[in-house]
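A.B. asks: here is a sequence with its predicted model. Questions after.
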Amino acid sequence: MTTKHRAPLSRRGFLKALGLGGLTLLAPGSAGAGTKGSDRELVTVLDLSKCVGCGACVAACREGNAAKFPEPVKPFPAMVPARSKPEDWSDRRDVDDRLTPYNWLYIQTAEVEWKGETVTLNIPRRCLHCVNPPCANLCPWGAAGKQADGIVRINDAVCLGGAKCRDVCPWHIPQRQTGVGLYLKLMPRFGGNGVMYKCDRCHELVAQGEVPRCVAACPYGVQSIGPRSEMIAKARDLAREMDGHLYGLVENGGTNTIYVSPVPFDLLNAALAEAKATGPGRPHLGPVADSMADESNLAWATLLAPVAGVAAGVLGLASRAGGDKEDGHE
């Protein structure tokens, strides 16, 4: 029998083995507070005056990311405690009026009265990719992280589906699919409840210098993407031209998604609420304070950062080992 000797694993190699690639597991505030961020971060600006709700972006997202969607194993393990209920979207993959593990982008429609006219706006909704994301800072397992280009991703090889990311997200964006992921290989009854999914802004295309699928597919030029300072300037110019309003520039301390609207966002949010178009899987457009400025969240993030990094390493190697065994490589 031949014994294979492996070279010591470097930090880069370790992260690559975990499937984290370019993810940076952040200590709180490391991405910069408020609207500062880094100009290496890419921002998308959405001009809502141009969106006709055609759904081309939604279709492109679903088709292009289909290979990333979960394929759960059934029946699901009974969870302990029993109040931990499964969340299964695998038989409802065609749902496109909210966020799901199979639908990372959808379009809200709001009708408001503004300046004596009835205005109808269509609003593409997905993860806003926060400058200082609480999902990345507060995940106890280090499954969520932020890249240098501003993309916030969830590593499905490490995620246990505990939904902490959804709980701390001001818009409750991530969605869970039970019956998939590492928890099935560890402690299926106690170790989690699936994997959390959300927009990863087509990270594999962005890494190659291309634009996300939703941006490329839009026939009306609703979205544009570029370096943070450039796109903030563009958003402000658009707002001035239309005597409009911005959302995402300061919400939750700043995000890498900025909406420009000809009508105030409080009116849009009220219209969505009245139409019962907000709630689970349907993000609001209301004011959001900087969640990572909260002392309790900041303290937890500071304590969790080193623990989450170790946890991500252990879970990532466990996932890799499990995959090797399934492939017959022990």
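C.D. replies: On my side now, so go ahead.
A.B. asks: tell me where the stretch 51-200 of the chain has helices.
C.D. replies: Remark: helices assigned in the stretch 51-200 of the chain by DSSP state H, counting those that start in this stretch are 56-64, 134-138, 164-168.
A.B. asks: Glu117 is nearest to which of those?
C.D. replies: helix 56-64 (26.2 Å; C-beta to C-beta). No exception for glycine: its C-beta is placed from N, CA and C like everyone else's.
A.B. asks: which parts of that closest one are buried?
C.D. replies: Of all the residues in helix 56-64, those buried under the rule 16 or more other C-beta atoms under 10 Å are Ala56, Cys57, Val58, Ala60, Cys61, Arg62, Gly64.
A.B. asks: okay, the residues you listed in JSON lines with distance to Phe190 next?
C.D. replies: Below are these laid out as JSON lines (distance: C-beta to C-beta, whole Å):
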{"residue": "Ala56", "distance to Phe190": "43"}
{"residue": "Cys57", "distance to Phe190": "39"}
{"residue": "Val58", "distance to Phe190": "37"}
{"residue": "Ala60", "distance to Phe190": "39"}
{"residue": "Cys61", "distance to Phe190": "34"}
{"residue": "Arg62", "distance to Phe190": "33"}
{"residue": "Gly64", "distance to Phe190": "36"}
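A.B. asks: mind putting the residues you listed in CSV, distance to Pro133 and pLDDT included?
C.D. replies: Converted to CSV, the buried residues of helix 56-64 look like this (distance: C-beta to C-beta, whole Å; pLDDT from 0 to 100):
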residue, distance to Pro133, pLDDT
Ala56, 28, 98
Cys57, 22, 98
Val58, 23, 98
Ala60, 24, 98
Cys61, 20, 98
Arg62, 24, 98
Gly64, 23, 98
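A.B. asks: so where's the stretch 51-200 of the chain shaky on pLDDT?
C.D. replies: 191 (pLDDT under 70).
A.B. asks: count of residues packed around Pro140?
C.D. replies: 14 (other C-beta atoms under 10 Å).
A.B. asks: gap between it and Cys165?
C.D. replies: For Pro140, the distance to Cys165 (C-beta to C-beta, to the nearest Å) stands at 10 Å.
A.B. asks: now do Arg189
C.D. replies: From Arg189 over to Cys165 (counting by C-beta to C-beta), the distance is 22 Å.
A.B. asks: could you do Ser49 as well?
C.D. replies: Ser49 is 32 Å from Cys165, by C-beta to C-beta.
A.B. asks: ditto for Val52
C.D. replies: For Val52, the distance to Cys165 - C-beta to C-beta - is 32 Å.
A.B. asks: these two - which one has more neighbours?
C.D. replies: Ranked by neighbour count (other C-beta under 10 Å), Val52 and Cys165 place Cys165 first, with 25 against 13.
A.B. asks: tell me who's in contact with the nearest residue to that one once chain neighbours are set aside.
C.D. replies: The shortest distance from Cys165 to any non-neighbouring residue, by C-beta to C-beta, 6 or more residues apart in numbering, is to Cys135 (3.7 Å). Contact partners of Cys135, counting by C-beta atoms under 8 Å, 6 or more residues apart in numbering, are Ala144, Val152, Ile154, Lys164, Cys165, Arg166, Val168, Cys169, Pro174.
A.B. asks: buried stuff in the one helix or strand Leu205 maps to?
C.D. replies: For Leu205, the enclosing helix or strand under DSSP states H and E is helix 203-206. Within helix 203-206, the residues that count as buried by 16+ other C-beta under 10 Å are His203, Val206.
A.B. asks: give me the number of residues near the nearest residue to Gly150 once chain neighbours are set aside?
C.D. replies: Excluding its sequence neighbours, the residue lying closest to Gly150 (C-beta to C-beta, 6+ apart) is Glu41, at 3.1 Å. Glu41: 23 surrounding residues under other C-beta under 10 Å.
A.B. asks: just to check, Glu41 is in contact with Asn256?
C.D. replies: Yes - counting by C-beta atoms under 8 Å, Asn256 is a contact partner of Glu41 at 5.6 Å.
A.B. asks: what's the overlap in contacts for the two?
C.D. replies: What both Glu41 and Asn256 touch, as defined by C-beta under 8 Å, 6+ apart, is the set Val131, Gly150, Arg228.
A.B. asks: brilliant, that's me finished.
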